[in-house]
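J.: the amino acid sequence is not available; the structure is as follows:
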């Protein structure tokens, strides 16, 4: 008797998390003998707790296929961390209740580090309660900071966006520099790990090319060294293009730009670093500047997604279902690199217990000795991840992104649950 | 005896100003019997004043063709306004000296309103001095605020970038809104005219679609109405996507965000509006927000350029040379619209005397009665301008933009000129 699957998206969404959703749903549909319906949680695990499930079987094959070129989270995502099981037994009871009511036999959770933790808790809960439920975590995060996997789906596309954008903006500032803007600063995401900032370095083909300065969270900000480097670039090349990670910290380990509010996980909300650095450049070097903050544009930029990233995202969704069918539980499919050039990869597997709440930062050997550039080793690692242009279809000059029907599954528990 | 041509790029560069350069150079090359070499001014008119000319005849046909897919100003641009002829006779003398020394018979100046003014001064100067020089201005500005022409090259590509970006970011915030970000604000360019902000409105296909709020420079900012509109969108749709023009002003006509410094033309340098609006939303509505400032990314985004824009840009460069060959002087080729749908256009001509220093703002009938949306008339105007994806070639996952040799023409005047 086929049992139903639960799939949900968690944390910050990406340009390709829906590609993974397509991989899960299409693979599940191909195994109708073992898997019944795929119910998506509306807004991640919140959908499970509130019994707000979406019946994906009501979506056409065409619409599910269109998820391959649609950014964001088609079913809604959430920033919601499950309590420790013993701390909030009502929450755990509720999950058991909803999963039992809807005969959920497979739990696929698509997210980053915090989501791996949620997935692990569900796996443990099921085991404690004798509930036959296989919990598989599917990696996703633009921050590229999950352990075990060679890279994280979502990152390759942000990397491509940032490398393309800083190359373009640097061409712009170079042509304005004689009588106008000499310094351009692009602030990018990456809370604690400098992977996204590092990707900007791919725009440089030879020494001296933009970006001339990259600021990593892994390297404490040294104001004097930064200003000297910017000044040197302006004097040498006429201009300076800077890529700055939002997570840049000072020598005391504090974020340079602290917005003063915190997100639902207690993380500091960052942003506003670029204008701060621009003011510094203005005050100390007197150069005319421009700055940009890419924010959501970078992680939603499906229009310039990496084909490699799209391929990874789909393969991981497919692999997650295949692992479930093979009887696995509490694991995560990962990307394993076979070779840099020609780029070759395969799907591997990691135990979930070691994934949750670990952040993989940039290794020191990926950052130049002076702290402002990426090394050749880093370039070899990053280069394959931005390969290929996976363009979405366009109508009337705009990309055609699908909006699913997202019809709710009738409720069976007969009770509400307060988050 | 063929005489040489001078071509230069002025003001803020765009994704397609080099397409116009290709149109000028390739058309001139096809008329070697009438036009000798095309000398490009290094950094606009500054190159003429300092006798820093680039010999474009040393560039290969392939490299000139590659300008069609290369953003920024390949020869360098400038923000430099010529003095009134009578106020700075030395400057005027210098131009005459350089143009005579290099046998310049054709002057092509590629820029916006300020550049049209420069071009007009050169035309007047040549006439006063009996110098046989035909001065043709070629329009360009992302602000789309030049009179006479139906649209300005550079605008269509920014419009496409902004419409694509806000569509993508809105999909993102919609999927996060349940437990996290509810309001997203994208700040775009457009100093005094709301054309770029208006283009964001193309992302909406039906009532209620993002962007739910557009803030135009033409509509004085009404804080209460803005907050009410954002709140209504969050309550109705779960989120709100805002496109805000950097040139937004309050009821007193003052820029909402005044950075406090001024560019070389005396214009206020804007920026920082998005974080200001975001703070307002946080303080008054308590919603979690994100904001982005696209800045140079939007105008340099050749990777998502509009094919219509590319076609216009090339045709205008070609037409400028043809007008010169037809004996015209002190004119500007323009885009004339024949029909909206199917979109049809042709090249027209405008007298330069009426172009300089006039800014074409959004007509009131292009903005909805409540001031937060574009009308159907505006949509009919904008829609054709973002049609078609003129993708650049990619190598190793990155767009291949050409860097010209830009070899200097030997100096003949034997003297320096101090700007």
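T.: Looks like it came in fine. These figures come from a predicted structure and were not determined experimentally.
J.: who is residue A:240 paired with across the strands?
T.: Taking DSSP bridges as the rule, residue A:240 bridges to residue A:183.
J.: what's the separation between it and chain B?
T.: 13 Å (C-beta to the nearest C-beta, to the nearest Å). All C-beta atoms are positioned from the backbone trio N, CA, C, and that covers glycine.
J.: quick one: contacts for that residue?
T.: Residues near residue A:240 by C-beta atoms under 8 Å, 6 or more residues apart in numbering or on different chains: A:182, A:183, A:184, A:212, A:213, A:229, A:230, A:233, A:234.
J.: and residue A:232, what element?
T.: helix A:223-237 (DSSP states H and E).
J.: which parts of that helix count as buried, going by neighbours?
T.: Residues of helix A:223-237 classed as buried by neighbour count (16 or more other C-beta atoms under 10 Å in any protein chain shown): A:226, A:227, A:229, A:230, A:231, A:233, A:234, A:237.
J.: contacts only, for the fifth one.
T.: Listed by C-beta under 8 Å, 6+ apart, the contact set of residue A:231 reads residue A:285.
J.: and the gap between it and chain B?
T.: According to C-beta to the nearest C-beta, residue A:231 stands 19 Å off from chain B.
J.: out of the contacts of residue A:240, who's nearest chain B?
T.: residue A:184 (6.1 Å; C-beta to the nearest C-beta).
J.: now do that closest one, the pLDDT please.
T.: In this model, residue A:184 is scored at 98, pLDDT.
J.: can you verify my assumption that it contacts residue A:242?
T.: Yes - using C-beta atoms under 8 Å, residue A:184 makes contact with residue A:242 at a distance of 6.8 Å.
J.: how far away from the center of its chain is stretch A:167-181?
T.: Its chain's C-alpha centre and that of stretch A:167-181 lie 30 Å apart, by C-alpha atoms, centre = their mean, to the nearest Å.
J.: residue A:45 contacts residue A:9, doesn't it?
T.: No - applying C-beta under 8 Å, one finds residue A:45 not in contact with residue A:9, separated by 9.9 Å.
J.: which one's more surrounded, these two?
T.: residue A:9 (33 against 28; other C-beta atoms under 10 Å in any protein chain shown).
J.: show me what contacts that one?
T.: Residue A:9 makes contact with A:17, A:21, A:40-41, A:44, A:73-77, A:110-111, A:140, B:175, according to C-beta under 8 Å, 6+ apart.
J.: spell out which residues of the stretch 301-419 of chain A are next to chain B.
T.: Contact residues (C-beta under 8 Å from any C-beta of the partner chain) of the stretch 301-419 of chain A with chain B: A:301-304, A:306, A:383, A:386-389, A:391, A:394, A:396-399, A:401.
J.: out of the residues you listed, which sit inside strands?
T.: A:394, A:398, A:399 (DSSP state E).
J.: save the residues you listed as a markdown table, and put in pLDDT and neighbour count too.
T.: Formatted as a markdown table, these follow (pLDDT from 0 to 100; neighbours: other C-beta atoms under 10 Å in any protein chain shown):
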| residue | pLDDT | neighbour count |
| --- | --- | --- |
| A:394 | 98 | 16 |
| A:398 | 98 | 19 |
| A:399 | 98 | 22 |
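J.: name the residues of stretch A:346-363 that are buried.
T.: Applying 16+ other C-beta under 10 Å to stretch A:346-363 flags A:347, A:350, A:352, A:355, A:356, A:360, A:361, A:362 as buried.
J.: count of neighbours near residue A:370?
T.: Residues near residue A:370, counting by other C-beta under 10 Å: 11.
J.: I'd like the next helix or strand past the helix or strand of chain A with the lowest mean pLDDT.
T.: In chain A, no helix or strand scores lower on mean pLDDT, DSSP states H and E than helix A:113-128, which sits at a mean of 88. As assigned by DSSP H and E, the chain's next helix or strand after helix A:113-128 is strand A:134-139.
J.: for that next one, name the packing helices and strands.
T.: Counting by 3 or more C-beta pairs under 8 Å, 6 or more residues apart in numbering or on different chains; DSSP states H and E, the packing neighbours recorded for strand A:134-139 are strand A:104-111, helix A:113-128, helix A:307-325, strand A:331-339.
J.: how far does the longest one sit from its chain's centre?
T.: Read it as helix A:307-325. 15 Å.
J.: go on, stretch A:40-48?
T.: Counting by C-alpha atoms, centre = their mean, stretch A:40-48 is centred 18 Å from the centre of its parent chain.
J.: can you pull out the helices in chain A?
T.: A:17-29, A:45-49, A:61-66, A:89-101, A:113-128, A:155-176, A:195-200, A:223-237, A:273-285, A:296-300, A:307-325, A:376-382 (DSSP state H).
J.: identify whichever of the ones you listed lies nearest to residue B:32.
T.: helix A:155-176 (27.9 Å; C-beta to C-beta).
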